[in-house]
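Peer 1: Need coordinates for the following:
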Amino acid sequence: MKNSVFYFLFLISTVFGVAQEQKMSTAEITAFKNAVNTVAKNTKSLTTDFVQYKHMDFLSKDIETSGKMAFKTPGMLLWQYTKPYQYSVIFKNNKIAINDAGKKSEMNVGNSKMFAKLNKLIVGSVSGDMFDENEFTISYFKSAEHTITKLLPKDAALKKYIKQMELYFDKKANMVSQVKMIEPSGDYTTIVFKNKVANAQVSDSVFTN
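Peer 2: From the prediction side, this is the model:
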């Protein structure tokens, strides 16, 4: 059960066009963080499609999957893979509910400090609320299209699963548009969000397994 959840979490993790990244100045970082925090606080719900690319060195081609995501405060999150397989995970009320092509299971996040950290990590990557310097060493960069944050976990247990996490923010909307999770092995997963809709009405029933 734990292995399947960790495997899923690895899949929730983008780099297209990272050339010419430049480090941000202190003033730029402050302005960026303030803008993102404002957007995150004002985002009560978010729905989006996504395309995911899993890169493994021993494969000649990345594994491509796609699906939908829904987020609603305070902390309800649905990841639903629709192609090429059916798989969904719901984070709600401090629990993780999994539906693997009709096979359902549930676990309490509170029973595991690690799952609690990963749950916070995933919700934060969606909302953009990821500036916890107690948990991460964070560096800030900019390119023509994105503002980029690179996060190195400080927690020893988390480092076993995540070497680095990168969030790509759309400069106009100050919202996460791409996420990349790099594993200690060097393999990585990239997710590109598309067709985002913020603050539309999202029923609680969406977050039912």
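
Peer 1: Surely residue 158 forms part of a helix?
Peer 2: Yes. The assignment for residue 158 is a helix, going by DSSP: H, G, I helix; E, B strand; the rest coil.

Peer 1: gap between it and residue 164?
Peer 2: Distance, residue 158 to residue 164, by CB to CB, to the nearest Å: 11 Å. C-beta coordinates here come from the backbone N, C-alpha and C atoms, glycine included.

Peer 1: And the residue lying closest to residue 202 once chain neighbours are set aside, how far from residue 201?
Peer 2: The shortest distance from residue 202 to any non-neighbouring residue, by CB to CB, 6 or more residues apart in numbering, is to residue 45 (4.4 Å). Distance of residue 45 to residue 201, computed by CB to CB: 7 Å.

Peer 1: go on, residue 64?
Peer 2: 31 Å.

Peer 1: so where do the strands sit in the protein?
Peer 2: With strands called from DSSP state E, the chain shows them at 22-23, 45-55, 63-72, 76-83, 87-92, 95-100, 103-108, 136-142, 146-153, 164-170, 176-182, 188-198.

Peer 1: which regions of this structure sit below the pLDDT cut-off?
Peer 2: Within the chain, the segments meeting pLDDT under 70 span 1-19, 109-129.

Peer 1: if we go to 80?
Peer 2: The model of the chain has pLDDT under 80 over residues 1-20, 75, 109-131, 209.

Peer 1: got JSON lines for the strands of the chain, with distance to residue 33 and mean neighbour count too?
Peer 2: Formatted as JSON lines, the strands of the chain follow (distance: least, CB to CB, whole Å; neighbours: other CB atoms under 10 Å):
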{"stretch": "strand 22-23", "distance to residue 33": "15", "mean neighbour count": "11"}
{"stretch": "strand 45-55", "distance to residue 33": "19", "mean neighbour count": "19"}
{"stretch": "strand 63-72", "distance to residue 33": "20", "mean neighbour count": "18"}
{"stretch": "strand 76-83", "distance to residue 33": "22", "mean neighbour count": "18"}
{"stretch": "strand 87-92", "distance to residue 33": "25", "mean neighbour count": "20"}
{"stretch": "strand 95-100", "distance to residue 33": "29", "mean neighbour count": "18"}
{"stretch": "strand 103-108", "distance to residue 33": "33", "mean neighbour count": "12"}
{"stretch": "strand 136-142", "distance to residue 33": "8", "mean neighbour count": "17"}
{"stretch": "strand 146-153", "distance to residue 33": "9", "mean neighbour count": "20"}
{"stretch": "strand 164-170", "distance to residue 33": "11", "mean neighbour count": "21"}
{"stretch": "strand 176-182", "distance to residue 33": "14", "mean neighbour count": "23"}
{"stretch": "strand 188-198", "distance to residue 33": "19", "mean neighbour count": "18"}
